[in-house]
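Engineer: The amino acid sequence is not available; the structure is as follows:
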């Protein structure tokens, strides 16, 4: 029979592996010095955006990262750290983290992984400045709609000029 500590370690390691397999990527944060209620707020905000903040012992996280073949991220796991797994929008997650970091300077963004690309702090900050997916879609629609709108305006102006010309001819004949 296994000790309870060993069972918890195995469960935590398998949770990291399962979460990684189901996600597009991850971001590693250091939260030392951030108050517990603030961390709860961050966790809830991340949950709403479709991601999970998982806090685990460093030794378990390092072992799981090595087993997943993510040796490059092992060096980022030091001091109290958390792993944020995201499934959908990395831009939204980076915006949430950068906004939270402005109010809580003790939070450190260590880096992460997006699909197969390693993310640095600069990458995460750059992603936070990008527009959201919905805004990008709206911009594409407007770009596609713009030439059509210009054609409609030109054609309507031509029709207006034609009607104005006919009206002028009518006025000359009535005088």
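Structural biologist: Cool, got the structure. The model shown is predicted, which means the values in this text are computed figures rather than measured ones. Residues are numbered from 1 along each chain as shown.
Engineer: Which helix or strand in the protein has the lowest average pLDDT?
Structural biologist: None of the helices or strands of the chain scores lower by mean pLDDT, DSSP states H and E than helix 71-74, at a mean of 83.
Engineer: gap between the helix or strand following that one and the chain center?
Structural biologist: As assigned by DSSP states H and E, the chain's next helix or strand after helix 71-74 is strand 81-86. Relative to its chain's centre, strand 81-86 lies at 13 Å (C-alpha atoms, centre = their mean, to the nearest Å).
Engineer: what do you get for stretch 67-80?
Structural biologist: Per C-alpha atoms, centre = their mean, the displacement of stretch 67-80 from the mean C-alpha position of its chain is 21 Å.
Engineer: Which helix runs longest in this protein?
Structural biologist: helix 133-174 (DSSP state H).
Engineer: so what does that helix touch, helix or strand wise?
Structural biologist: Applying 3 or more C-beta pairs under 8 Å, 6 or more residues apart in numbering; DSSP states H and E, we find helix 133-174 packed against no helix or strand. C-betas here are computed from N, CA, C, even on glycine.
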